[in-house]
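*Asks:* pasting the sequence and the predicted coordinates here, then a few questions.
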Amino acid sequence: MEQKISIQIGGRAFSLTATSPEHEEMIRLAADAINKRLSNYLRKNPDKNVSELMSMVALSECVLRISFQRELDKAKAEGASLNEDLERYILGDK
């Protein structure tokens, strides 16, 4: 069920469509995370404009996402390796 929602990022309102209650929750959590990070950057860099700081927010969020993706990839590889070890053990191919 699609639902129109409104969020605020950096003092600006945005109208979006959420495809489910879970999607709406993720959008709102993401907007809150962006606003918190932006607020921290504004406090530390009062001489910068919001556009410059939003670029830093985007960069830091992307770095975090890439870091999580690498951790996930590493965990998947370790899981696959453990699964292979388990299969060899079960089949007696030690």
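*Replies:* Everything's here; your move. Residues are numbered from 1 along each chain as shown.
*Asks:* give me the below-cutoff pLDDT ranges for this structure.
*Replies:* For the chain, applying pLDDT under 70 flags the ranges 93-94.
*Asks:* any idea which residue sits dead centre in it?
*Replies:* R65 (5.4 Å; CA atoms, centre = their mean).
*Asks:* by contact count, what packs against the host helix or strand of A13?
*Replies:* Element membership for A13 (DSSP states H and E) is strand 12-18. Packing partners of strand 12-18 (3 or more CB pairs under 8 Å, 6 or more residues apart in numbering; DSSP states H and E): strand 3-9, helix 21-44. All C-beta spots, glycine's among them, are computed from the backbone N, C-alpha and C.
*Asks:* want to throw those into CSV with mean neighbour count and distance to S51?
*Replies:* Output for these, formatted as CSV (neighbours: other CB atoms under 10 Å; distance: least, CB to CB, whole Å):
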stretch, mean neighbour count, distance to S51
strand 3-9, 13, 12
helix 21-44, 14, 11
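*Asks:* ok, now how distant is L53 from L64?
*Replies:* Distance, L53 to L64, using CB to CB, to the nearest Å: 16 Å.
*Asks:* the two: which has the busier surroundings?
*Replies:* Between L53 and L64, L53 has the larger neighbour count (other CB atoms under 10 Å), namely 19 against 12.
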